[in-house]
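Colleague: let me see the structure of the following:
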Amino acid sequence: MFTLKERLYRIGKDTKGDSMIVVLCILVVLIALAVTLLLSVSTLVGSARKNSVSERCRTMAVSFSDTLGEEILGDDSDDGIQDFVRRHITGKDLDITENRWICYDPSANSDLASATRTFTAESNSKELGDQLNGYEIHTEMYWIGDVDAEYHTRPDVVSDADYEGIELVVTVTAGKDDELFKVKTSYSLYVEDGVWRWMKEGQQ
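Modeller: From the prediction side, this is the model:
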């Protein structure tokens, strides 16, 4: 027969190992919860950063596209985007280093890449460099017409009015790393008193 003191000692001795296992299990659960919390925080931070970059790309693309749109729809100037488009489409008043801009004709399966002009926003100025801040903005433009029309085959014998109805498509892309946002806008040409005017047709 064991005394009460001996019984308590044996019970404590037998359960000491069980208590240690319980403590270890609790520690494992706490560590697992901590790791899960860290992963969740990391995922949330990464997602927030990606959303921020995506929103910045969208804002820059829309803003740059709107600015170009104002230039295209506004009054023509000798050094503006309208003048550039008109001179290169008609082939008139071009410098010796410049080439005429061929049209894209979907019905004739013409080459879109050859008809596309690409421009990249440069960060030469401090102001523009601060705005870009690691982001890139590219603008692609092409005009849609009839490759068999005289304005395309014999531009020297046609007038500005003959170009009426052609379409200008402008795509602005803003991006950083793997995030990109594009704004595509189309304009149609009408001629008023010999002056080229563009009308916005759609944006996507």
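Colleague: can you give me the strands in the chain?
Modeller: 117-120, 136-144, 167-176, 179-192, 195-203 (DSSP state E).
Colleague: I'd like the average pLDDT over the shortest one.
Modeller: Same thing as strand 117-120. Averaged over strand 117-120, pLDDT sits at 88.
Colleague: what's the closest of the strands of the chain to residue 106?
Modeller: Closest to residue 106 of those, according to C-beta to C-beta: strand 136-144, at 7.0 Å. (Each C-beta comes from the backbone N, C-alpha and C, glycine too.)
Colleague: okay, now the unreliable bits of this structure?
Modeller: 1-50, 76-79, 96-97, 122-132 (pLDDT under 70).
Colleague: run the last query once more with 80
Modeller: 1-51, 75-80, 93-98, 121-134, 152 (pLDDT under 80).
Colleague: residues contacting residue 184?
Modeller: Counting by C-beta atoms under 8 Å, 6 or more residues apart in numbering, residue 184 makes contact with 169, 170, 171, 203, 204.
Colleague: nope, residue 164 is what I was after
Modeller: 189, 190, 191.
Colleague: dump those residues into TSV; add neighbour count and distance to residue 54 as well.
Modeller: Converted to TSV, the contacts of residue 164 look like this (neighbours: other C-beta atoms under 10 Å; distance: C-beta to C-beta, whole Å):
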residue	neighbour count	distance to residue 54
189	20	34
190	14	37
191	15	41
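Colleague: out of the residues you listed, who's nearest residue 65?
Modeller: Among the contacts of residue 164, and counting by C-beta to C-beta, the member closest to residue 65 is residue 189, at 18.6 Å.
Colleague: pull the number of nearby residues for the residue lying closest to that closest one once chain neighbours are set aside.
Modeller: Leaving aside its sequence neighbours, residue 189 sits nearest to residue 166 (C-beta to C-beta, 6 or more residues apart in numbering; 5.0 Å). By other C-beta atoms under 10 Å, 21 other residues sit near residue 166.
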